[in-house]
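> Here is a sequence together with a model predicted from it:
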Amino acid sequence: MNPSSSKTIQFSNCRLLRHHKIILDDLWVRNGKVINPEKVFFDEKIFPDVVIDCKGVLISPGFVELQINGGFGVDFSQESENVEEDVRKVSKGLLAHGVTAFCPTLVTSPKHVYHKVIPRIKKQAGGKHGATILGLHIEGPYINKEKKGAHPPEYIRDLDEGMHSVLDMYGSLEDVKILTLAPELSRAPEVIEELTKLGITVSVGHSIGNLSDGELAVKHGATMITHLFNAMLPFHHRDPGLVGLLTSDQIPEGKTIYFGIISDGIHTHPTALRIAHRTHPDGLFLVTDAISALGLEEGTHYIGQLGIDVRGDSAYITGTNTLCGSISSMNICVQIFKKSTSCSTVTALEAATLHPARAINMSKQKGTLDFDADADFIFLDDDLNVLSTWISGECVYEKFNNSYEIKKF
């Protein structure tokens, strides 16, 4: 189906995730937006051009992925002559997993790689060609070597020259949406403040920072924690570290600290998922942290400048047992999170839709089926398997061709 964007489409016989509940209602779309039919009928007295019988399916906002290093054989941090083509390949592949918007993520790399890659990954609207690109997530090189994870230590840098260091390293920040750095680095607070003024979401991570370092970062504008529990000091009762930001009494009133968490069944133990969820549910959002091996078979692949081995459901730095990224898709992470925490379907879905959209101040457009939001959504069965993916009200992926019925007028 490829309806004209000006057509009014009524999705009937469906269950909608809207206003933190699953309700029985119709979904109305026109010009790529969710519309209020009562207002449209009152103002214009029009009727739908197309009615789609959804056969009782569950409709959720599309998944929003804020940390993904690559997939389907593509690594965003690898030098390539075909950067745009590589990004399109991942963008297209994500549709089958319910992802309608994402942030391609670059790990710690040499300066010339940033200068070559960053200008070529632009923000882009989604469609049949693939999921919407919201902007880049740059993870490094301003991190702590002691918590480098899979990041190559020879390229890790400090912030000795403040914002000049950042601009020199990346070349351009125009299409950057999120930047992860270690808050204990010299001059980090002033850099965080400058980045925040540019509209960039600053996330703390890959850090040995204590709670005071995290609180100071928040005071200067940081609002996010990168893959909670991973690549940071473990919780300690005398200094809970960055994990303590979840319950810190130094967070300004009205400000929410958001944190990504990898619920692939490997990076984060189910008990840790439950602790995070029960401690600060409003700030939790799911990330895959997926690497180039997502969607590929076992073998040796690459992330940034390091080789990685895929063994079973896990990916390791070549020759070690150090985890270096997930190979699970977002829909699998949602299912694992729901099972691990025994949370509701609404809670599990909002952790992959509304919460990440809020974390980057885009919840009026993405991660919701509220009126005037972008009509990006997915059809799910009761086990939360993706049946079809829709962007701007257009079907861009379907697992089966009989999951809905179209009636034209």
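Yep, that arrived. Residues are numbered from 1 along each chain as shown.

> ok, and for the helix or strand containing residue 276, which residues are buried?
Assessed by DSSP states H and E, residue 276 sits inside helix 270-279. Across helix 270-279, burial judged by 16 or more other C-beta atoms under 10 Å covers 272-273, 275-277. Just so you know, the C-beta spots here come from the backbone N, C-alpha and C atoms, and that holds for glycine as well.

> pLDDT score for the closest residue to residue 325 other than its chain neighbours?
Among residues not flanking residue 325 along the chain, residue 291 sits closest, at 3.6 Å (C-beta to C-beta, 6 or more residues apart in numbering). With respect to pLDDT, residue 291 scores 88.

> Enumerate every residue touching residue 291.
Contacts of residue 291 were listed using C-beta atoms under 8 Å, 6 or more residues apart in numbering, and they are 69-71, 75, 301, 303, 308, 315, 324-327.

> run the last query once more with 10 Å
Counting by C-beta atoms under 10 Å, 6 or more residues apart in numbering, residue 291 makes contact with 68-71, 74-77, 105, 107, 150, 301-304, 308, 310, 315, 324-327.

> What's the first helix or strand after the host helix or strand of residue 102?
Assigned by DSSP H and E, residue 102 falls within strand 99-107. Using DSSP H and E, the helix or strand that directly follows strand 99-107 along the chain is helix 111-117.

> what residues does that next one touch?
Contacts to helix 111-117, defined as C-beta under 10 Å, 6+ apart, come from residues 76-81, 83, 86-87, 104, 106-110, 136, 138, 140-141, 155, 157, 168-172, 304-305.

> make it 7 Å
With C-beta atoms under 7 Å, 6 or more residues apart in numbering as the test, helix 111-117 has contacts from 77, 79, 83, 106, 169-171.

> Mark out where each domain of this protein begins and ends.
9-60+369-408, 63-359 (automatic domain parsing).

> and among those domains, the most buried is which?
Mean neighbours per residue, mean count of other C-beta atoms under 10 Å, is largest over the domains of the chain for domain 63-359, with a mean of 20.

> Look up phi and psi at residue 349.
phi -70, psi -40 (degrees, to the nearest 10).

> Please name the residues that touch it.
By C-beta under 7 Å, 6+ apart, the contact set of residue 349 is 17, 60, 334.

> does the last one count as helix, strand or coil?
Right, residue 334. helix (DSSP: H, G, I helix; E, B strand; the rest coil).

> Distance of it relative to residue 13?
Using C-beta to C-beta, to the nearest Å, we find residue 334 at a distance of 24 Å from residue 13.

> Ok, residue 214 next?
Using C-beta to C-beta, residue 214 is found at 48 Å from residue 13.

> try residue 92
From residue 92 over to residue 13 the distance is 29 Å, taken as C-beta to C-beta.

> Contact partners for residue 39?
Contact analysis of residue 39 by C-beta under 7 Å, 6+ apart lists nothing.

> so which helix or strand takes in it?
Judged by DSSP H and E, residue 39 forms part of helix 37-44.

> ok so, going back, what's the farthest-apart pair in the contacts of helix 111-117?
Across these, the longest distance by C-beta to C-beta is 18.2 Å; it joins 83 and 169.

> can you map out the strands along the stretch 51-200 of the chain?
With DSSP state E, counting those that start in this stretch, the ranges of strands along the stretch 51-200 of the chain come out as 58-61, 63-68, 70-71, 74-75, 99-107, 132-133, 136-139, 176-181.

> so how far is the fourth one from its chain's centroid?
It stands for strand 74-75. Between the centre of strand 74-75 and the centre of its host chain there is 17 Å, according to C-alpha atoms, centre = their mean, to the nearest Å.

> Packing partners of it?
In terms of contacts (3 or more C-beta pairs under 7 Å, 6 or more residues apart in numbering; DSSP states H and E), strand 74-75 is packed against helix 83-94.

> Just the C-alpha atoms of the helix it packs on, please, in PDB.
Taking Å, rounded to 0.1, in the frame of the first residue of the first chain, the C-alpha atoms of helix 83-94 are listed here in PDB:
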ATOM      1  CA  VAL A  83      28.900   5.600   4.100                       C
ATOM      2  CA  GLU A  84      25.500   6.700   2.800                       C
ATOM      3  CA  GLU A  85      24.800   3.300   1.300                       C
ATOM      4  CA  ASP A  86      25.900   1.600   4.400                       C
ATOM      5  CA  VAL A  87      23.600   3.700   6.600                       C
ATOM      6  CA  ARG A  88      20.700   3.100   4.300                       C
ATOM      7  CA  LYS A  89      21.300  -0.700   4.600                       C
ATOM      8  CA  VAL A  90      20.900  -0.500   8.400                       C
ATOM      9  CA  SER A  91      18.100   1.900   8.200                       C
ATOM     10  CA  LYS A  92      16.200  -0.400   5.900                       C
ATOM     11  CA  GLY A  93      17.000  -3.500   8.000                       C
ATOM     12  CA  LEU A  94      15.700  -2.000  11.200                       C
END
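
> pLDDT of it, averaged?
Helix 83-94 comes out with an average pLDDT of 97.

> for stretch 267-275, same thing?
Mean pLDDT, computed over stretch 267-275, is 96.

> and of the contacts of helix 111-117, the nearest to residue 183?
Using C-beta to C-beta, the contacts of helix 111-117 come closest to residue 183 at residue 169, 17.6 Å.

> quick one: the closest one and residue 202, what's the gap?
On the measure of C-beta to C-beta, residue 169 and residue 202 end up 15 Å apart.

> go on, residue 91?
The gap separating residue 91 from residue 202 is 25 Å, by C-beta to C-beta.

> got it, and residue 78?
The spacing between residue 78 and residue 202, counted by C-beta to C-beta, is 25 Å.

> Give me the contact list for stretch 90-98.
For stretch 90-98, the surrounding residues in contact (C-beta under 7 Å, 6+ apart) are 62-63, 70-72, 74, 102, 129-131, 133, 295, 329-331, 378, 386, 389, 396-397.

> Could you identify which of the domains of the chain has the lowest mean pLDDT?
Taking the mean pLDDT of those, domain 9-60+369-408 comes last: a mean of 91.

> Start from the N-terminal end of the stretch 201-350 of the chain and give the helices.
All helices of the stretch 201-350 of the chain, identified by DSSP state H, counting those that start in this stretch, fall at 211-219, 270-279, 330-341, 345-350.

> can those helices go into JSON lines with extra columns for distance to residue 163?
Shown next, in JSON lines, are those (distance: least, C-beta to C-beta, whole Å):
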{"stretch": "helix 211-219", "distance to residue 163": "15"}
{"stretch": "helix 270-279", "distance to residue 163": "32"}
{"stretch": "helix 330-341", "distance to residue 163": "33"}
{"stretch": "helix 345-350", "distance to residue 163": "35"}
